[in-house]
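Colleague: Sharing a model that was predicted from the sequence below.
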Amino acid sequence: MSELTRAQAHPDTDQLVRFGLATGKVRGVAVSIDHSWQTAGEHHDYPPAVAQLLGQCVAAALAMVATLKFDGRLIMQFRGAGPVSLLVVQARSDLTYRVTAQWSDALDKTQLDQSIQVLFGRGQLALTLEPNEGLRYQSLVSIEGASIASALEGYFQQSEQLPTRLVLAADAQRAVGLLIQQVPGEGGTPMVRAAKADANFDHLSIMVDTLLTPKGLVEVQMTPVPTLLYRLFHQDALVLTQLSPIGFFCGCSRDGVGHMLRSLGRAELEAALRDTELPGYVSVRCEFCGTQYNFDVVDVEQLLLEHTVAPSDTTRH
């Protein structure tokens with residue numbers, strides 16, 4: 001591969017780079033997000049420990065959805081009984097995403113690089129594929145390993161039998177992910193020339209290991225992705241195949257929230273008006289983007305009226 005152009009190497013953020021290695025025997029995806037990641041977190045007071053975990057999950061989910069040949073959504077969910085009880089990332093095939101998390105006061109909020117066994121306790125990793133057309137697929141495995149990367153590598157080994165390596169680094173400002181994966185054969189089966197492919201993958205895994213040190217992870221966090229790839233793989237037939245933008249999305253709306261409230265019925269809505277922290281309003285806060293929707297008593301009555309009043313009969317006799 002020739003030296004990267006200035007435009008490619010510029011630290012233009014919120015981008016995903018697809019690349020090939022070892023003459024097409026290994027594929028890779030690198031993700032860098034900061035502007036959209038900061039947007040995703042601006043309405044949430046994520047503690048540093050949660051921001052690190054959640055950013056790593058976002059980078060991993062975007063890298064994973066980019067390896068799939070489908071239109072739809074990948075949902076990654078870590079659920080456990082520890083101080084972090086839930087992390088959810090929804091990444092779409094158009095490379096937009098949304099996130100949410102739940103944690104308790106037992107969390108050591110400022111300590112970074114904690115083992116996920118401590119953070120989640122006993123729990124499950126669920127990966128769900130929801131294609132726009134076709135059947136929904138979900139895989140559940142126990143949370144294993146010390147990090148998000150090792151848990152996901154274990155998933156690929158256990159559920160997909162697909163050799164995969166991940167490097168993930170994140171804080172409240174930037175999230176970066178690097179995935180390399182042995183290219184599956186026809187129909188997802190192992191490659192016919194598996195021995196040679198495994199040798200290529202093992203060699204590249206050793207290169208990836210050089211990033212898994214404190215100094216290496218700082219380099220991952222601070223270096224523009226195309227530059228990082230060139231430094232790491234320039235001797236291994238690296239070919240950048242596509243550079244795509246990434247964005248944060250949330251599909252919430254006042255109409256959608258109103259429809260949900262309407263389904264609760266009069267008794268529950270009237271109770272909510274009495275018991276709410278904001279007197280005289282039913283307040284709903286979107287768990288993904290943080291937008292708060294407030295409905296006063298007039299709004300609530302209008303919602304209930306829309307639910308109970310049937311359209312007039314316009315049939316002429």
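Modeller: Nice, thanks for sending it over. Numbers count the residues shown, from 1 in each chain.

Colleague: So what are the sheet partners of the helix or strand that contains residue 243 and their directions?
Modeller: Residue 243 belongs to strand 239-245 when assigned by DSSP states H and E. Strand pairing for strand 239-245, determined by DSSP bridges: strand 15-21 (antiparallel).

Colleague: residue boundaries of the helices in the stretch 151-300 of the chain?
Modeller: Assigned by DSSP state H, counting those that start in this stretch, the helices in the stretch 151-300 of the chain fall at 194-209, 214-222, 225-233, 254-262, 266-275, 297-308.

Colleague: Turn the ones you listed into TSV, including distance to residue 171.
Modeller: For every residue, glycine as well, the C-beta is placed using N, CA and C. TSV is the format used below for the helices of the stretch 151-300 of the chain (distance: least, Cβ to Cβ, whole Å):
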stretch	distance to residue 171
helix 194-209	21
helix 214-222	7
helix 225-233	16
helix 254-262	31
helix 266-275	37
helix 297-308	39
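
Colleague: Out of those, which one sits most buried?
Modeller: Scoring these by mean neighbour count under mean count of other Cβ atoms under 10 Å gives helix 225-233 as the most buried, with a mean of 21.

Colleague: Distance from it to the middle of the chain?
Modeller: Put simply, helix 225-233 sits 23 Å off its chain's centre (Cα atoms, centre = their mean, to the nearest Å).

Colleague: which residues are contacting it?
Modeller: For helix 225-233, the external contacting residues (Cβ atoms under 8 Å, 6 or more residues apart in numbering) are 1, 3-4, 8-9, 15, 17, 19, 21, 28, 30-32, 176, 178, 204, 207-208, 210-211, 219-220, 223, 238, 240, 243.

Colleague: that older thread, can I get the helices of the stretch 151-300 of the chain in JSON lines including mean pLDDT and distance to residue 152?
Modeller: Listed next are the helices of the stretch 151-300 of the chain as JSON lines, based on pLDDT from 0 to 100; distance: least, Cβ to Cβ, whole Å:
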{"stretch": "helix 194-209", "mean pLDDT": "78", "distance to residue 152": "14"}
{"stretch": "helix 214-222", "mean pLDDT": "93", "distance to residue 152": "16"}
{"stretch": "helix 225-233", "mean pLDDT": "93", "distance to residue 152": "19"}
{"stretch": "helix 254-262", "mean pLDDT": "85", "distance to residue 152": "31"}
{"stretch": "helix 266-275", "mean pLDDT": "83", "distance to residue 152": "39"}
{"stretch": "helix 297-308", "mean pLDDT": "78", "distance to residue 152": "42"}
